[in-house]
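Colleague: coords please:
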Amino acid sequence: MPTTRETILTALADLLNTIAHVPVLRGEVLPERVPPAGLIILRDGTPGEPDVTLSPLTYHFQHRAELEVIVQSASNRDALFDALCAQISMVISADPTLRGLCDWVEPEAPEPVDLPVEGGASLKAAIVVVVLHYTVANSTVAHSLE
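Modeller: Numbering: from 1, shown residues only. Prediction:
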């Protein structure tokens, strides 16, 4: 049975997969070719230390998953990157609880960088941190045994 963390990260990947023509990879290395519409790589990130309430005993996580957002184009790279980041924000805004699995999901603002590619069009990329707020009854169960 998957952990709460894994269930939530899978739901996030499924939600991102609704963005048309943009593949979403999970924990993969950057492929040699970036698709024309761009690419998203979901990294599991870290759940961090939970806040705890005692009655009943409950653990509140602010898990920081990371999205590597990458586009490559010789002519309209900036527009493609902006559109892809906007689409990420829109799909998360449409389901900010991941079908009730999280209390709240919120993406942080991207900090884009241009990366030159020898002999090809440069990449525009950013890491977009997505904060997943969720609560579980047992922190060990939430992250390893559930």
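Colleague: How about the residue sitting nearest the centre point of the chain: what's its closest non-neighbour residue?
Modeller: Compute the mean C-alpha point of the chain, and by CA atoms, centre = their mean the closest residue is residue 67, 4.0 Å away. Leaving aside its sequence neighbours, residue 67 sits nearest to residue 128 (CB to CB, 6 or more residues apart in numbering; 4.3 Å). Any C-beta I mention is one placed from the backbone N, CA and C, and that applies to glycine too.
Colleague: show me what contacts that neighbour?
Modeller: Neighbouring residues of residue 128 by CB atoms under 8 Å, 6 or more residues apart in numbering: 66-67, 69, 85, 88, 107-110.
Colleague: what's around the nearest residue to residue 48 once chain neighbours are set aside, how many residues?
Modeller: Setting aside the residues directly before and after it, residue 48 is nearest to residue 62 in space (CB to CB, 6+ apart), at 6.0 Å. Using other CB atoms under 10 Å, the number of residues around residue 62 comes to 17.
Colleague: So in that sheet, which strands flank the strand or helix carrying residue 66, and in what orientation?
Modeller: For residue 66, the host element (DSSP states H and E) is strand 57-72. Strand pairing for strand 57-72, determined by DSSP bridges: strand 39-46 (antiparallel), strand 51-54 (antiparallel), strand 120-136 (antiparallel).
Colleague: Surely residue 92 is in contact with residue 15?
Modeller: Yes. Using CB atoms under 8 Å, residue 92 is in contact with residue 15, at 7.0 Å.
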